[in-house]
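*Asks:* Turn this into a structure:
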Amino acid sequence: MTSALPFDDFRELIASLPPPDEAAAARTGAVFAEAVRRGGSLGRVEDIAVWLAAWSGRAPPAVLRPHVAVFAGNHGVVRHGISPRPVAATAEAVELCAAGGAAVNQVCIAYDLGLKVFDLALHIPTGDITQEAALDERGCAATMAFGMEATAGGTDLLCLGDIGVGNSTVAATLFAALFGGRGADWVGPGSGADGTMTGRKAKAVDAALAFHGAGLKDPLEALRRVGGREFAAIAGAILAARALEGYPAAVDFIA
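*Replies:* The predicted structure is shown next:
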């Protein structure tokens with residue numbers, strides 16, 4: 001595909017993504033319905049199995065090649081004192097993963113999961129979202145394309161996570177931009193933040209929303225304006241998973 005603007009290719013891809021396999025979901029649901037009639041139920045596990053069948057196209061569903069991908073990025077908004085940790089802590093966390101000493105390493109070893117950790121230009125934090133866009137369109141699109149590499153080698157369940165000092169503030173801003181509300185509706189204490197710091201996080205979210213205004217109405221614009229490299233890469237990884245033949249299921253978590 002060729003286009004005039006970096007996001008155009010992604011808009012075309014999004015428009016052509018396959019829907020969930022409702023037939024596979026129905027077949028899986030019917031199996032559990034029969035079990036319930038016989039007096040048994042697996043509760044929440046049933047919902048998960050039906051969801052997995054819908055997005056993997058397998059009935060009954062099966063996970064044979066699970067894979068975990070963690071993306072790390074740094075944020076310019078950290079300058080407003082919204083995290084108790086220094087920016088350098090992001091690189092330290094990546095190094096810990098590389099050495100096999102992080103919690104995610106132990107989980108992957110215990111359950112035989114593949115793991116990749118991606119360092120996204122940690123030496124260049126994104127723009128301060130309260131005063132400028134986090135990324136330009138070209139940079140955001142390039143990072144999304146890089147994130148698509150998470151599916152390289154094949155997988156049928158892609159688990160996605162992120163590492164980044166200040167990422168909870170950025171995530172809160174994205175939620176507010178996409179779903180409405182103010183900073184106080186979305187921010188949490190984060191990793192060790194006290195009440196005063198949480199208040200600064202909420203103010204940073206509100207300042208970003210006010211600065212970017214109507215520019216946040218489009219999801220891809222919101223991603224580049226108030227997101228970060230790790231979130232752009234995660235978006236790309238999800239799109240890649242959806243676009244693959246057999247489209248593996250993708251789930252998100254915070255590393």
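*Asks:* in the stretch 1-150 of the chain, which spans are strands?
*Replies:* With DSSP state E, counting those that start in this stretch as the criterion, the stretch 1-150 of the chain has strands at 66-72, 114-119.
*Asks:* Just name the most buried of those strands.
*Replies:* strand 66-72 (a mean of 25; mean count of other Cβ atoms under 10 Å). Glycine gets a C-beta too; all of them are placed from N, C-alpha and C.
*Asks:* from what I can see residue 165 touches residue 89, true?
*Replies:* Yes: applying Cβ atoms under 8 Å as the test, residue 165 and residue 89 come out as touching, 5.3 Å apart.
*Asks:* Pick out whichever of these two has more residues nearby.
*Replies:* Each of residue 165 and residue 89 has its neighbours counted (other Cβ atoms under 10 Å); residue 165 has more, 27 against 16.
*Asks:* ok, the spatially closest residue to residue 133 that is not a sequence neighbour to residue 35 distance?
*Replies:* Excluding the flanking residues, the one nearest residue 133 by Cβ to Cβ, 6 or more residues apart in numbering is residue 225, at 4.6 Å. Remark: distance between residue 225 and residue 35 (Cβ to Cβ, to the nearest Å) = 48 Å.
*Asks:* Ok, residue 196 next?
*Replies:* For residue 196, the distance to residue 35 - Cβ to Cβ - is 52 Å.
*Asks:* higher neighbour count, these two?
*Replies:* residue 35 (13 against 9).
*Asks:* quick one: the helices in the protein?
*Replies:* 8-15, 22-37, 44-56, 88-98, 103-110, 137-147, 167-179, 183-186, 195-212, 219-226, 229-243 (DSSP state H).
*Asks:* From residue 29, how far off is the residue nearest to residue 124 when sequence neighbours are not counted?
*Replies:* Computed as Cβ to Cβ, 6+ apart, the closest residue to residue 124 that is not its neighbour in sequence is residue 74, at 7.6 Å. Distance of residue 74 to residue 29, given as Cβ to Cβ: 44 Å.
*Asks:* okay, these two: which has more neighbours?
*Replies:* Set residue 74 next to residue 29 and count neighbours by other Cβ under 10 Å: residue 74 wins out with 26 against 17.
*Asks:* Find me the pLDDT at the residue lying closest to residue 66 once chain neighbours are set aside, would you?
*Replies:* Nearest non-adjacent residue to residue 66, counting by Cβ to Cβ, 6+ apart: residue 157, 4.3 Å away. Residue 157 is assigned 90 on the pLDDT scale.
*Asks:* Beta-bridge partners for residue 157, please?
*Replies:* Here residue 157 sits in beta bridges with residue 66, residue 249, going by DSSP bridges.
*Asks:* wait, what's in contact with the residue nearest to residue 124?
*Replies:* 87, 90, 122, 124-126, 164-166, 228 (Cβ atoms under 8 Å, 6 or more residues apart in numbering).
*Asks:* And it, what's its pLDDT?
*Replies:* Reported pLDDT for residue 74: 98.
*Asks:* now swap in residue 12 and tell me
*Replies:* 94.
*Asks:* Check residue 38 too.
*Replies:* 70.
*Asks:* what about it, distance to residue 31?
*Replies:* 11 Å.
*Asks:* Just want to know which of those two has more residues nearby.
*Replies:* For residue 38 versus residue 31, neighbours defined as other Cβ under 10 Å are more numerous around residue 31 (14 against 7).
*Asks:* Which residue, other than its chain neighbours, is closest to the more buried one?
*Replies:* Among residues not flanking residue 31 along the chain, residue 60 sits closest, at 6.8 Å (Cβ to Cβ, 6+ apart).
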